[in-house]
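In: Fold the following and give me the result.
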Amino acid sequence: MNKKSFHKPKQNIFDWIKKHIIVILIPGLLLAVNRFWYLLARLITHVVFKDGGSFCQWDLPIDNQIPFVGVFSIPYILSFLYWIVIPTVIYIVLGSKIFYRLVAATLLAELLGFLWLIILPSKMTYSDYINRGDYSSDPFYGLMNTLIYKNDLPDNLSPSFHVLATSLPFIVCLGKGDKDKRNTGMLIGTGCAFVLICLAVLFVRQHYIADIFSALLIVIVSYVIVRARKWGHTFQKFNDWWWLKMTQIVPSDKSHARNNCKIILCQKITTIVIFVCLVGFMIYFGIISDMTGDPFAKFWHFGINGLYPN
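Out: Numbers count the residues shown, from 1 in each chain. Take a look at the predicted model:
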C-alpha cells in the first residue's frame, strides 16, 4: 500500500496577518494605555497641586552640563513607531513566550509609572524651561523640538515613559525565547535602541538623569514580578481563550448554537469597541488635539503658568 503524501499549503502574508491579528493590535493597545496613564497623571497632579509649588525637581549638577543636540530629536519622535513595531518583531523572532512576557511587563510598568507620577509629581526647573526653546540657529531641529515640547510639557518627567517603554524590549530579550536560546541580533538591536533613547531624552533637554534611573527601577521591578508570577503565561492563556471563543465554529446542535452565537457576537463587539476607543483616544489626544487647539484638550494639557508660580 502506497503512502499518501500530504503537502502543507503555503501560507501567504495575508493568511499570517489574519491568524495573528491580535499580535498586531496589541502594540497599539500598549501605546494607547501608555498615553492614557500619562495624561491621567497630568490631570490628577494639576488638580491636586494647582500651583505647581509641590512638584519635585530631580535635577543634578551634571544635568546643567548636558548640551542640546538637535539630531537626537529624530530618534525621540521615531520612538513611537519603534514601540509599535518591536513587539511584533519579538513575536516573530523570539516566539509567543517572550512576546506575552513583554506585554505583561509593559502593562505593569506603565501602571507603576502612573502611580509614581501622581505620588511624586515632578517638573523641570524654571531656568531649564525658559532656556530649552532657543534653537533658532537650526530651523529643522527647532521645528522638531517644537513638536516635542508641545506634546511633552515640562512636567510628568520622572519616570521617563520613553525610557520605560524602550528598555522593556531589551530586558525581555535577555531571556530565552521559545527555542531556549537568546537571539544575539535582537539583543544588540534592542540594546542600541535603548541606549539611543536614553541619550535622546537628555540631549533634547526633556528629561533629567534621575528620570532615566527611576524608569529603569520600575522596569526591573515589573520584569522580576512578571517572571516570578508567570503573568506572561497567564496573559497568553487568557488571550488564547478569548480569541478562540471569538473564532470558534458554532456547533451544529441547535439547542446550543443560538447561545454560542450570542456569546461570540458579544465578545467580537466588545473587542472592537475597546480597540476603537483606545486607539481613538490615542489619536485624538496625541495628535489632533494639539493641532487644533481644542479646548477640551487644553483641559488635559493645562499649561505652564501653574507650574511656575511667581
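In: Tally up the residues packed near Val224, please.
Out: Neighbourhood size, Val224 [other Cβ atoms under 10 Å]: 12. (Each C-beta comes from the backbone N, C-alpha and C, glycine too.)
In: How about the contacts made by Leu107?
Out: Contacts for Leu107 (Cβ atoms under 8 Å, 6 or more residues apart in numbering) come out as 30, 33.
In: So it: helix, strand or coil?
Out: helix (DSSP: H, G, I helix; E, B strand; the rest coil).
In: what about it, distance to Leu199?
Out: Leu107 sits at a distance of 27 Å from Leu199 (criterion: Cβ to Cβ, to the nearest Å).
In: same question, Arg42
Out: 25 Å.
In: got it, and Leu168?
Out: Taking Cβ to Cβ as the measure, Leu168 falls 18 Å from Leu199.
In: Which of the two has more residues huddled nearby?
Out: For Leu168 versus Leu199, neighbours defined as other Cβ under 10 Å are more numerous around Leu168 (29 against 16).
In: so that one is in which element?
Out: Secondary structure assignment for Leu168, by DSSP states H and E: helix 161-173.
In: Let me know the average pLDDT across that helix.
Out: Helix 161-173 shows a mean pLDDT of 94.
In: Repeat that for stretch 115-132.
Out: For stretch 115-132, the mean per-residue pLDDT is 81.
In: Alpha carbons of it, as CSV, please.
Out: Written as CSV, here are the backbone C-alpha positions of stretch 115-132 (Å, rounded to 0.1, in the frame of the first residue of the first chain):
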residue,chain,number,x,y,z
LEU,A,115,1.4,55.7,40.5
TRP,A,116,4.9,57.2,40.7
LEU,A,117,3.8,60.2,38.7
ILE,A,118,0.9,61.1,41.0
ILE,A,119,2.7,60.3,44.3
LEU,A,120,5.9,62.1,43.4
PRO,A,121,4.9,64.6,40.6
SER,A,122,7.9,66.3,39.1
LYS,A,123,8.7,69.3,36.8
MET,A,124,11.7,70.9,35.1
THR,A,125,13.5,73.8,36.8
TYR,A,126,12.4,77.2,35.6
SER,A,127,15.8,78.1,34.3
ASP,A,128,15.9,74.9,32.2
TYR,A,129,12.4,75.5,31.0
ILE,A,130,13.0,79.0,29.7
ASN,A,131,16.3,78.1,28.1
ARG,A,132,15.3,74.9,26.3
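In: Where does the prediction get shaky in this structure?
Out: The chain contains residues with pLDDT under 70 at 1-21, 49-53, 132-138, 176-180, 240-265, 267-268, 271, 274-275, 278-310.
In: those strands in it, which residues are they?
Out: Counting by DSSP state E, the chain forms no strands at all.
In: so how many other residues sit close to the nearest residue to Asp155 once chain neighbours are set aside?
Out: With sequence-adjacent residues excluded and distances taken as Cβ to Cβ, 6 or more residues apart in numbering, Asp155 is closest to Lys123, at 4.5 Å. Per other Cβ under 10 Å, the neighbour tally for Lys123 reads 25.
In: Was I right to think Lys123 contacts Ser158?
Out: No. Counting by Cβ atoms under 8 Å, Lys123 sits too far from Ser158 to count as a contact (9.5 Å).
In: overlap in contacts of those two?
Out: Counting by Cβ under 8 Å, 6+ apart, the common neighbours of Lys123 and Ser158 are Cys56.
In: Quickly note the distance from the closest residue to Gly70 other than its chain neighbours to Val69.
Out: Leaving aside its sequence neighbours, Gly70 sits nearest to Tyr141 (Cβ to Cβ, 6+ apart; 2.9 Å). Using Cβ to Cβ, Tyr141 is found at 9 Å from Val69.
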